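[1] Generate a structure from the sequence data that follows.
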Amino acid sequence: MALKKILIIHTGGTIGMFPTEQGYAPSKEGFHRVLASIPELSAPSMPTWDLIDMDPLLDSSNISVNEWNKIGSMIAENYDSYDGFVVLHGTDTMAYTASALSFMLRNNAKPVILTGSQIPLCEIRNDARDNLLTSLLIAADDRVHEVCLYFGGKLLRGNRAMKYSADDLIAFESPNYPSLADVGIEIKYNASALLPPCKGRFSLQPLENIPIGVIKIFPGIQFELFDAVMTERLKGIVIETFGAGNIPGDEKALLPIIRKATENGTVMVICSQCPHGTVTLGAYEASATLKNAGAVSGYDLTTEAAVAKLYYLFSRGLTREEIKARMERSLRGEVTMKHE
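    Predicted structure coming up:
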């Protein structure tokens, strides 16, 4: 049986960083040198692999729409030549990139595994080695047909993941969807949680840098301060509300803001500040204003997935009403609908 062939895309991040006088920084040459010193990467049980580096290598806090398009293009250009892909990425925005790629890679039937580390691979004690080796094995497995995030023994759906800890080696969680696999002595896949392979033709949807905002509701928020943000340029906004979609009841301050956003055609998506649970607009009087104003429910979408999904839908040139309708539907397993 022929060995699977995997493409590793190195974008930067802690996994490939080295100490400098200014702190850890990425090094292409140094990372290649450390990889060459790991015998397990050429073990008979490992898939064959190639490595390409994004130029420049970046801390993930500097990765945004342009870099998502670069990564997506690297995958698309090599899609027919490889059985799977591993994207090495910094942890800070890894969940955003995983969410974006899940939408951009249309009809993807191959494993695309994002991973990284909390401690660089160059350090004696690190989590990078296991994350890299296990991601390569998962990327070579025929059971995975979607964009995932692997970290600290957990394989998560990419658009369901969120960074949970800045310090722990188990840095990511999927609060509203089970793990796709748990890794211990064996890799135990959760077959019922995995997406089936797509049957359509693979294609890449590049993203446009659409003006999108995020507002987090807090006690005492002065809504009028956001009036200047609600211009015709703002295409979409994610509002992180309390609980199931609740907001403070000062309608005199809030209604003009909502009305202005509605008149400007801004798509308002309501997510919850609670990692676990779902938004149910209208369940409480405190969320009725948003529902009546035409805001759409993000249900149990993470903020990362909501932002990425807005970028994707606007980049497809859909109408405002089409975007609102699709925000409330599951496109890549990113949201749990009430009937599911």
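[2] Looking at residue 284 now. What's its pLDDT?
    At residue 284, the pLDDT value in this model is 68.
[3] Just give me the residue right at the centre of this protein.
    The centroid of the chain falls nearest to residue 99 when counting by C-alpha atoms, centre = their mean (2.7 Å).
[4] so it sits in a strand?
    No: under DSSP: H, G, I helix; E, B strand; the rest coil, residue 99 sits outside any strand and is assigned helix.
[5] Would you mind confirming that it is in contact with residue 301?
    No: if you go by C-beta atoms under 8 Å, residue 99 and residue 301 don't touch, sitting 9.3 Å apart. Quick note: C-beta positions are derived from backbone N, CA and C, even for glycine.
[6] Determine the residues that are contacts of both of those two.
    Residues touching both residue 99 and residue 301 by C-beta atoms under 8 Å, 6 or more residues apart in numbering: 309, 334.
[7] Quick one: residues in contact with the top strand by length along the chain.
    Criterion DSSP state E: the longest strand present in the chain is strand 48-58. Strand 48-58 is contacted from outside by 3-13, 16, 26-28, 32, 35, 41, 67, 70-71, 74, 82, 86, 90, 136, using C-beta under 8 Å, 6+ apart.
[8] could you point out which element follows that strand?
    Once strand 48-58 ends, the next helix or strand along the chain (criterion: DSSP states H and E) is helix 65-78.
[9] Now do that following helix: which elements does it pack against?
    strand 5-12, strand 48-58, strand 84-88, helix 94-104, strand 105-106, strand 203-204 (3 or more C-beta pairs under 8 Å, 6 or more residues apart in numbering; DSSP states H and E).
[10] Run the angle between it and helix 94-104 for me.
    On the basis of axes from the mean of the first three to the mean of the last three C-alpha atoms, to 10 degrees, helix 65-78 is oriented at 50 degrees to helix 94-104.
[11] Now do helix 65-78: distance to the chain's middle.
    Centroid separation for helix 65-78 versus its chain: 14 Å, with C-alpha atoms, centre = their mean, to the nearest Å.
[12] try stretch 298-314
    Counting by C-alpha atoms, centre = their mean, stretch 298-314 comes out at 9 Å from the chain centroid.
[13] same deal with stretch 44-64?
    Offset of stretch 44-64 from its chain centre (C-alpha atoms, centre = their mean): 16 Å.
[14] go on, stretch 147-160?
    The answer for stretch 147-160 is 10 Å, by C-alpha atoms, centre = their mean.
[15] now the end-to-end length of that stretch.
    End-to-end distance for stretch 147-160: 10 Å, by C-alpha to C-alpha, to the nearest Å.
[16] Likewise for stretch 151-161?
    End-to-end distance for stretch 151-161, by C-alpha to C-alpha: 10 Å.
[17] Buried residues, that stretch. List them.
    Within stretch 151-161, the residues that qualify as buried are 151-161, counting by 16 or more other C-beta atoms under 10 Å.
[18] now the contacts of strand 48-58: which count as buried?
    Among the contacts of strand 48-58, those that count as buried by neighbour count (16+ other C-beta under 10 Å) are 4-13, 16, 26-28, 35, 41, 67, 70-71, 74, 82, 86, 90, 136.
[19] Any idea which of the helices and strands packed on helix 65-78 gets closest to residue 228?
    Among those, helix 94-104 comes nearest to residue 228, with 25.5 Å by C-beta to C-beta.
[20] for this protein, what helix or strand is lowest in average pLDDT?
    helix 251-263 (a mean of 74; mean pLDDT, DSSP states H and E).
[21] Name every strand pairing with the helix or strand following that one and say which way it goes.
    Once helix 251-263 ends, the next helix or strand along the chain (criterion: DSSP H and E) is strand 267-272. Sheet pairing for strand 267-272, assigned by DSSP bridges, gives strand 236-241 (parallel), strand 296-297 (parallel).
[22] What residue spans form the domains of the protein?
    5-204, 212-327 (automatic domain parsing).
[23] The last one: how far from the chain's middle?
    Average the C-alpha atoms of domain 212-327, do the same for its chain, and the two points are 19 Å apart (C-alpha atoms, centre = their mean).
[24] Next, the distance between the ends of that domain.
    End-to-end distance of domain 212-327 (C-alpha to C-alpha): 14 Å.
[25] that older thread, and the domains of the chain: which comes nearest residue 336?
    domain 212-327 (5.2 Å).
[26] residues contacting residue 324?
    Residue 324 neighbours (C-beta under 8 Å, 6+ apart): 267, 294, 296.
[27] could you flag which of these are buried?
    267, 296.
[28] Relative to residue 172, which of the contacts of residue 324 is nearest.
    Distances from residue 172 to the contacts of residue 324, taken as C-beta to C-beta, are shortest for residue 296 (26.3 Å).
[29] What's opposite the closest one in the beta bridge?
    Applying DSSP bridges to residue 296 gives these bridge partners: residue 269.
[30] Test my guess that it contacts residue 271.
    No: applying C-beta under 8 Å as the test, residue 296 and residue 271 come out as separate, 10.4 Å apart.
[31] Residue 105 is in contact with residue 204, isn't it?
    Yes: in this structure, residue 105 is within contact of residue 204 by C-beta under 8 Å, at 6.5 Å.
[32] Spit out the residues that contact those two alike.
    72, 75-76.
[33] one step back: please determine how far the residue nearest to the centre of the chain is located from residue 265.
    Going from residue 99 to residue 265 by C-beta to C-beta, to the nearest Å gives 24 Å.
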